[in-house]
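**Student:** quick one, fold the following:
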Amino acid sequence: MPEFKMLLPDVERHYVGLMMGVVGRALVSASQVDDVIRKETSAFPEGFILQMKVMPNGADFTAQVQPDGTLKLLKDFTGKPDLCARFKHLSHAFLVLSFQEGTARAFANDRLYVDGDVSHAIRLVRCLSRMEVLILPKLVAERAVKRYPDIALADKLGLATRIYGRVAANFLKGA
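**Tutor:** The predicted model follows:
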């Protein structure tokens with residue numbers, strides 16, 4: 001049993017790394033196919049750079065707002081983003097990315113902090129919550145978001161299919 005406990009941090013680290021890649025790609029894809037998320041991301045200034053990362057040297061993703069209001073992933077970004085949401089510890093990121101705790105709850109529990117304008121952070125949380133509602137089964141999404149919205153199953157499935165298709169294409173393109 002002690003050997004298994006020693007593996008847990010490695011399993012968490014690999015899982016969080018994978019899921020940060022999925023979340024970043026899914027958020028970008030959702031901004032391209034969902035009008036609600038695009039309306040939110042369009043409110044950020046053009047060229048706005050947002051980042052989510054795990055402290056101290058963990059996984060991250062960085063995205064930039066395009067002229068049409070959609071997001072684009074930035075590879076190997078080294079500058080200072082306009083907004084950075086940082087998980088204070090790997091285990092905190094694991095809670096959120098395994099959908100045991102929602103992003104809003106992580107903020108409330110002081111597991112996540114933000115460098116940047118709080119109103120921009122709230123907008124990012126709304127985008128992440130909407131994305132989770134679209135791509136996750138309702139039973140899982142209800143645990144991950146503060147309030148599950150009324151969304152027709154056909155609309156959810158159509159948007160989820162388009163988002164997952166773009167995420168898969170992005171992973172394949174990057175491979």
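**Student:** which residues in the chain form strands?
**Tutor:** Under the criterion DSSP state E, the chain contains strands at 49-54, 60-65, 71-73, 83-87, 112-115.
**Student:** distance to Leu153 and mean pLDDT added to those, as CSV?
**Tutor:** Where you see a C-beta, it was placed from the backbone N, CA and C, and this is true even at glycine. As requested, the strands of the chain are exported to CSV (distance: least, C-beta to C-beta, whole Å; pLDDT from 0 to 100):
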stretch, distance to Leu153, mean pLDDT
strand 49-54, 29, 96
strand 60-65, 28, 96
strand 71-73, 26, 96
strand 83-87, 30, 95
strand 112-115, 31, 91
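**Student:** would you turn these into a markdown table with distance to Ala26?
**Tutor:** A markdown table is the format used below for the strands of the chain (distance: least, C-beta to C-beta, whole Å):
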| stretch | distance to Ala26 |
| --- | --- |
| strand 49-54 | 12 |
| strand 60-65 | 10 |
| strand 71-73 | 11 |
| strand 83-87 | 16 |
| strand 112-115 | 18 |
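**Student:** roughly how far apart are the residue nearest to the spatial centre of the chain and Pro45?
**Tutor:** The centroid of the chain falls nearest to Val23 when counting by C-alpha atoms, centre = their mean (4.0 Å). Shown here: Val23 relative to Pro45, a distance of 22 Å by C-beta to C-beta, to the nearest Å.
**Student:** repeat that for Asp60.
**Tutor:** 21 Å.
**Student:** of those two, give the one with the bigger neighbour count.
**Tutor:** Comparing Asp60 with Pro45 by other C-beta atoms under 10 Å, the one with more neighbours is Asp60, at 20 against 9.
**Student:** contacting residues for that one?
**Tutor:** 20, 51-54 (C-beta atoms under 8 Å, 6 or more residues apart in numbering).
**Student:** over to Ala30?
**Tutor:** 37, 127, 130-131, 134-135, 159, 163.
**Student:** what of Tyr15?
**Tutor:** Neighbouring residues of Tyr15 by C-beta under 8 Å, 6+ apart: 94, 97-98.
**Student:** how does it look with 10 Å?
**Tutor:** By C-beta atoms under 10 Å, 6 or more residues apart in numbering, the contact list for Tyr15 reads 59, 90, 93-94, 97-98.
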